[in-house]
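K.L.:
sequence first, then the predicted structure:
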Amino acid sequence: SPSDLVRYLASPFSSWMDRYCLENPGAVTPDEATEDEQLIAQTGEEHERAVLDDLKSSDAALIEISRNDPAGAREQTLSAISAKTPILYQAALESGSFAGFADFLMLDDSGRYQVWDTKLARSPKPYYAVQLCCYSEMLADATGAPMPEKFGIILGTKERVEFRVEDFIHYYRHLKASFL
């Protein structure tokens, strides 16, 4: 998943251990999440839900994709994209060995989709670009459309920050090749 790339960027060893645990169940016991980590995750989920609620209260049509059945979620995502639904929440994307659920796909003014992610932080972090480049690449592969020109982050302050994919795509591709 795009999160695996971010973990690899932060610590190749941590990434290796994640894979080792998957391939060798019971060989080692991963650390339990601390109370602080659980609280941050919960607060992040609340932020994402608040952004979703704000978008639902706007005039734009929005579809929530169910994460229960990945194959069905991908079909529902592609169907909503074909119908040009303005906002997709939890869009299921897949390309090659990568798959994941993008927080939001939003139509831009030119009628093309952009990937948007919610982050609890008050300012963008460099690794956000890696995750969003991966989702943007999966979106392009899934739709057969060119790579989105931009992606965005909705910060914990509710500020929206947009970035050009081209500014990060080459670094992302280098990191992805190293990871694989």
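P.N.:
Perfect, I can see it now.

K.L.:
that's a helix at Ser3, yeah?
P.N.:
Yes: assessed by DSSP: H, G, I helix; E, B strand; the rest coil, Ser3 belongs to a helix.

K.L.:
please tell me I have it right and it contacts Gly100.
P.N.:
Yes: counting by C-beta atoms under 8 Å, Ser3 does reach Gly100; the two are 7.2 Å apart. Where you see a C-beta, it was placed from the backbone N, CA and C, and this is true even at glycine.

K.L.:
Tyr89 falls within a strand, correct?
P.N.:
Yes: the assignment for Tyr89 by three-state DSSP puts it in a strand.

K.L.:
which of Ser3 and Gly100 has more residues huddled nearby?
P.N.:
Comparing Ser3 with Gly100 by other C-beta atoms under 10 Å, the one with more neighbours is Gly100, at 19 against 13.

K.L.:
so what's that one bridging to?
P.N.:
Leu93 (DSSP bridges).

K.L.:
quick one: which helix or strand includes the spatially most central residue of the chain?
P.N.:
The centroid of the chain falls nearest to Ala102 when counting by C-alpha atoms, centre = their mean (3.7 Å). Using DSSP states H and E, Ala102 sits within strand 98-107.

K.L.:
what residues sit buried inside that strand?
P.N.:
Within strand 98-107, the residues that count as buried by 16 or more other C-beta atoms under 10 Å are Phe98, Gly100, Phe101, Ala102, Asp103, Phe104, Leu105, Met106, Leu107.

K.L.:
just after it, pick out the following helix or strand.
P.N.:
Defined by DSSP H and E, the subsequent element after strand 98-107 is strand 113-118.
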